[in-house]
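# Predicted model, plus sequence, below.
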Amino acid sequence: MKIFLTGFITLVLSLPVYAAVEEVNIYSARKEQLIKPILDRFEKQSGIKVNLITGKADALLKRIETEGTNTPADILITTDAGRLHRAKTAMVLQPAITPDIEKIVPSNLQDPDHYWIGLTTRSRIIVYAKDRVKPSELSTYEALSDPKWKKRLCIRSSNNIYNQSLVASMIVHKGEQSTEDWAKGLVKNFARKPKGGDRDQIKAVAAGQCDIAVVNTYYLAQMLNGKDSTQKKAAEQVAVFWPNQNDRGAHINISGIAITKASKNKENALKLIRYLLSPEAQTWYAEANNEYPVIKEATLSKTLKSWGQFHSDSLNLKELGEYNSQAVRIMDRAGWR
Amino acid sequence: MSKLTVHQIISGHQENQVLNRIDLNLKEGEIGCLLGPSGCGKTTLLMCIAGLHPVQDGEIYLGDKLISSKDVQLEAEQRNIGVVFQDYALFPHMTIEKNIAFGISKLNRKERKQRINQLLELIGLAGFNKRYPHELSGGQQQRVALARALAPKPGILLLDEPFSGLDVELRESLAREVRSILKTEGITALMVTHNQNEAFAIADSVGVMKDGKLLQWDTPYNIYHQPAHPFIADFIGQGALIQGTVCDCHQVLTELGLLKASLPFGATIGDKVSVLVRPDDIRHNDDSEWKLEVTNRAFRGSHFLFTLKLPDGEKVLCMSHSHHDHPVGSKIGVELEMDHAIVFPLQQESEMSTAFATLMESN
Amino acid sequence: MTTRYNKWVVIAVTTTLLLTTPLWVLVSFLFEPGNENWLHLVDTLLPEYIINSLWLMFGVTIGSLTLGVSSAWLISQHDFFGKKILHWALLLPLAMPAYIIAYTYTGLLEFEGPVQSTLRAFFDPQTVNAWFPEVRSLQGAIVMLSLVLYPYVYLLARTAFSGNTQQIMNASRTLGAGPYRRFFVIALPMARPAVVAGVTLALMETLADFGTVQYFGVPTFTTGIYRTWTGFGDTTTTAQLALLLLAFVSILIAIELWSRKKAEYFAQGTKSASLPATKLSGHKSGLAFMVCLIPVAFGFLIPATQLLTWSIQNAETGFNSEFLTLIWNSFHLAAITAIVAASIALLLAYVQRIHNSRTTRLSKRIVTLGYAIPGTVIAVAVMIPFAWLDNTLDSWMRNTFNISTGLLLSGTLFALVFAYTFRFLSISLQTVESGLKQIKPSMDDSARTLGANRWTILLKIHLPLLNRSLLVAFLLVFVEVLKELPTTLILRPFNFNTLSVKAYEMASDERLADAGLPALLIVLTGLIPVILLSKAIGKSHV
């Protein structure tokens, strides 16, 4: 019993204690391994202490919401625009993005009301089996519901935010009814029940379970650059197709950043945002996850360069957030699990 | 013809031999009883017969069928030997009826029902069919365990300390009841107990065991009156051992005088021997010239049990009517009323002295 | 039995009420009207959630029963090759988080994985494709969950089988019952309360599982709850869905209670010295060995080997000082929670012992509900009241003293430990309770007649006697916290990382191989308590 007690006291005393210094506190939905190194660099250069919690976007948002005016969070980072919009609607952000920041980022990648701004972009593209599909057979997202793809398409679950955003963009462009019809056609073309992540869809194409798949650019790029040789081999068997190049462009999304309403370190937060949009940080930050930087001065990763230029959907990304629940309902009704 | 034959059974290993060359026989319909202190191996013997314990050597026959030996070990479930366990081991999740029916699942429904009711009738629990074991008293559970064991009409029934969990008052009456049930069923049975009253109440033959050996196998009368071993003399009934000297082949000289005795062992004249003196061998009589000092007295309701000191310091027991009270230290008159003394060789000195010590303590 | 005011009861009820705040937060959502999202769910997905959850429960019941009971029976009643090691090795899968075993088997058995590729190399690929079962399916989820949850059934069934039943087994033998009849008609029904308790634990975990079903694409209550929250951003519907899940669980608990009621008299009967286990020889011994090896191999050895392989493949980003911090964080978080949970379990069980009333029984039941609530839901339900308390206190202090106290509880380890305690108290409570039951009430009475008060009895008599049960309670919760993910993810303080968070961040980024090392470390850290656990249980029948 005594051992228990002393052990307990030692454990309690060993809990981390935070002192108040120049600091900035981040709630990040972006994984630690993809952000910590650049934050460390910022910390060294600026002398501002960076505190970080990573987690799922909705949990972090809920946490800021319940913590209210006392939330320690200065910054919220998400990996999609929809969540930033949701945070804005939940009134936990402030319109703090200054014009000097806004002018270096394309206007469709930021909130018109100055609440949030994009840090990187990625596109949701079609990949196809090089040996079984000719690129000429592919054209648009809409055409994926064509019966000729019956039992040939792989896509992950509708639980996934990237699919929700894609469908949301379809709603904006095509209206609710035709999006639902499209979704129903798409579901009929599924080669298997949706399971796994985007990498799994690529692997399934390589293995011949399906012929085409819809995935985010960085997953394919990471597979090509990763250490796992089987993944690399699988990725090499598929090719990239940029959809809708002749009309609105390929669907894109961002990882973005916003300052909370209750932020006590607003100036430090702005400093961090400026840093993250500097060419140095943008190059690293984009490369770490094989994403596209949002400023022109930054360089692309080798893989992304090899895929060439593409025309992207210029839809303001806040719309993705606005139509998210409708998108989910449409997918539910279409039987997209 | 023997129903059960146990021949030269050994169980356990060298350093820890639980059974050491046991022999015994039970005739068809006979009820036998093994008596002995705890740890003497009697339960192990029972488990060997039941097939729940392996034997290292010797044979056990049921009728003329070999069921246990060094090489043969018929599974317990194939022996058709019923066992009533010390804690009854009733199946707690089954009703009384189901408990009894367990061993007769091969009978058809009607026969089974008939047998169950017949047995419940026999044990005086008719109508208890749907009760659960935990709803019964200890004595009732005990009788259910008996009925359950009897249901398949086993070749032989084994009972392991069946009354030990019951009130003292209940034990003897239940033992007599069980005897009449067994006799009604005409079943051969072997029971284990450490209580002689139970044994005498139930058994046709009694065996006394000690340290893995069967010391004597005989009728209850002979076990009491002609114990073959000082341990038995001590274990069964009360008594004291005093020293004596062999005078001739029919008499022994002791502090109590010259006693008639048979000398079954090769004792010669002049040998020192031990002589068993039961309390009823010495009668208290106030008129007697022969007076002995009272060193201890115990009131037993119907009588007094006095411990008396002989001139050489040896002690004997004496019973008297309960209205004959004499204080410790006083001298009372006694007379000898013994027609045949039981004599043991003196070599078993240590055994005798311990036997005597426990005897005195128990008073 | 008394309903008078009693300080022990007051303490117990207060503890329960405080600890179950998350539950009351959830219940408060019940009074909000069902909105359009709820109606949408009822129209589209809810039936599927219910059906899949039921199938999952059914499958895991069969799976954990088969694996747990057969191995427990063999180990407790027989002597065979390898028994000494299997005896404790059968507990090893307890250290394997369900989502991690799901990752590893996906890696091994998926279409592109080594097993299928090898088969395709040797046999006709078309036939292999047609016949090879899909891992990521409802059936797959059942197998995964059964493989890591059967130890609960094994643990409890083994204790029941080796309990006071030896003489009864002998009795049934002398009545002509062969091994099969003995098992199915006597041993199994008698061990039923223990087996049901084990299955209940397994099922509560099944219902709370998110990682496996999410990864396998099986829509269940938990994925539905998560999806409602993330897809619609609708807390109300999320909470209502969670409450519906709790209704399921309550039925489960009711069944378990009913089963336990019968257990009261099962435990009666004198303790008899257990006779030696039946020695199996030859092919029977080999068969028994195989039966017990299968769950260990599939539930532990194979996935652990896969994790090890992944870790080695990633040697360059391998073990560094960061992992020491992760291990320490995981370790001390688990230790604190396990101590707190064991203490509260002792308090509640003890109060019920000295004051068995409807109030104390009910408060104990409510506390155990936490085990079946998915970690995500608990985390949010903890966050809400804690933040409210902090903010209320803060504004009061500001108004009165012009001092801001900020967030005192939210975002601290306290909140995290609180959430875990509520989630896992059920496990420690069950263990402590069964330990306490083995101490005869006459012991309390005799101590009281010797002038000891309740405290003295607890400290001087019960605690020493309960040492082992408390240890088991501690270890079980320790292992659970080590494996737990969503709660940590949502409630942790700044810069506080654990092994499971690390494994998750890698795995959810679809970097399975990188998840190998942290996952392996979870399993290895969990191994120590699991081995201690089996040692502790080996010495006494807790």
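Arrived safely. Numbering: from 1, shown residues only, chains lettered A, B, ... in the order given.

# For burial, what's the neighbour tally of the nearest residue to A:Met91 once chain neighbours are set aside?
With sequence-adjacent residues excluded and distances taken as CB to CB, 6 or more residues apart in numbering or on different chains, A:Met91 is closest to A:Lys261, at 6.8 Å. To be clear about C-beta, it is placed using only N, CA and C from the backbone, and glycine gets the same treatment. Neighbourhood size, A:Lys261 [other CB atoms under 10 Å in any protein chain shown]: 20.

# ok, now the one 3 residues further on?
Burial measure for A:Lys264: 18 neighbouring residues, criterion other CB under 10 Å.

# so what pLDDT did it get?
You'll see A:Lys264 listed with a pLDDT of 92.

# returning to what we had before: next one: the residue nearest to A:Met91 from chain C, what distance?
Distance of A:Lys261 to chain C, given as CB to the nearest CB, to the nearest Å: 14 Å.

# wait, A:Gly185 sits on A:Ala143?
No - contact between A:Gly185 and A:Ala143 fails when scored by CB atoms under 8 Å: they sit 9.9 Å apart.

# how about B:Val83, secondary structure?
strand (DSSP: H, G, I helix; E, B strand; the rest coil).

# Give me the phi and psi angles of C:Thr44.
phi -110, psi -60 (degrees, to the nearest 10).

# low pLDDT regions in the stretch 151-300 of chain B?
Where the stretch 151-300 of chain B drops to pLDDT under 70, the residues are B:264-266.

# Which single residue of it ends up nearest chain A?
Closest contact between the stretch 151-300 of chain B and chain A, by CB to the nearest CB, is at B:Gly165 (38.5 Å).

# can you tell me which residues contact that residue?
B:Gln86, B:Asp87, B:Tyr88, B:Gly138, B:Gln142, C:Thr270 (CB atoms under 8 Å, 6 or more residues apart in numbering or on different chains).

# mind checking the longest helix of chain C?
helix C:321-354 (DSSP state H).

# Packing partners of that one?
helix A:2-13, helix C:7-19, helix C:358-368, helix C:413-437, helix C:441-449, helix C:463-483, helix C:499-508, helix C:512-539 (3 or more CB pairs under 8 Å, 6 or more residues apart in numbering or on different chains; DSSP states H and E).

# What average pLDDT does the shortest one get?
Mean pLDDT, taken over the full extent of helix C:441-449, equals 75.

# Name the nearest residue to A:His173, sequence neighbours excluded.
A:His173 sits nearest to A:Arg248 (CB to CB, 6+ apart), 6.2 Å away.

# got it, and C:Leu257?
C:Arg365 (7.8 Å).

# That neighbour against C:Ile253, yeah?
Yes - between C:Arg365 and C:Ile253 there is a contact at 6.8 Å, judged by CB under 8 Å.

# okay, the two: which has more neighbours?
C:Ile253 (19 against 15).

# Any idea which residue is closest to the centre of chain A?
Among the residues of chain A, the one closest to the centroid is A:Thr79, at 3.3 Å (CA atoms, centre = their mean).

# now it, nearest residue through space, not along the chain?
A:Ser255 (4.6 Å).

# and if you look at C:Leu45?
Closest to C:Leu45 by CB to CB, 6+ apart is A:Asp332, at 5.7 Å.

# element containing the one you found?
helix A:324-334 (DSSP states H and E).

# What is that helix packed up against?
Secondary elements touching helix A:324-334 (3+ CB pairs under 8 Å, 6+ apart): helix A:81-89, helix A:161-174, helix A:176-189, helix C:36-43, helix C:221-232.

# Need the CA coordinates for that helix. CSV is fine.
Presented in CSV, the C-alpha positions along helix A:324-334 are these (Å, rounded to 0.1, in the frame of the first residue of the first chain):
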residue,chain,number,x,y,z
ASN,A,324,-21.2,19.4,-46.0
SER,A,325,-24.3,17.9,-44.2
GLN,A,326,-26.3,17.9,-47.4
ALA,A,327,-23.5,16.0,-49.0
VAL,A,328,-23.5,13.4,-46.2
ARG,A,329,-27.3,13.0,-46.5
ILE,A,330,-27.1,12.5,-50.3
MET,A,331,-24.4,9.9,-49.8
ASP,A,332,-26.5,8.1,-47.2
ARG,A,333,-29.5,8.0,-49.5
ALA,A,334,-27.4,6.8,-52.4
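
# Residues touching that helix, excluding its own?
So helix A:324-334 is contacted by A:82, A:85-86, A:158, A:163-165, A:167-168, A:170-171, A:176, A:179-180, A:183-184, A:186-187, C:37, C:40, C:44-45, C:227, C:231-234 (CB under 8 Å, 6+ apart).

# and it, average pLDDT?
Helix A:324-334 comes out at a mean pLDDT of 92.

# and that helix, how far from the chain's centre?
Its chain's C-alpha centre and that of helix A:324-334 lie 19 Å apart, by CA atoms, centre = their mean, to the nearest Å.

# tilt between that helix and helix C:36-43?
On the basis of axes from the mean of the first three to the mean of the last three CA atoms, to 10 degrees, helix A:324-334 is oriented at 10 degrees to helix C:36-43.
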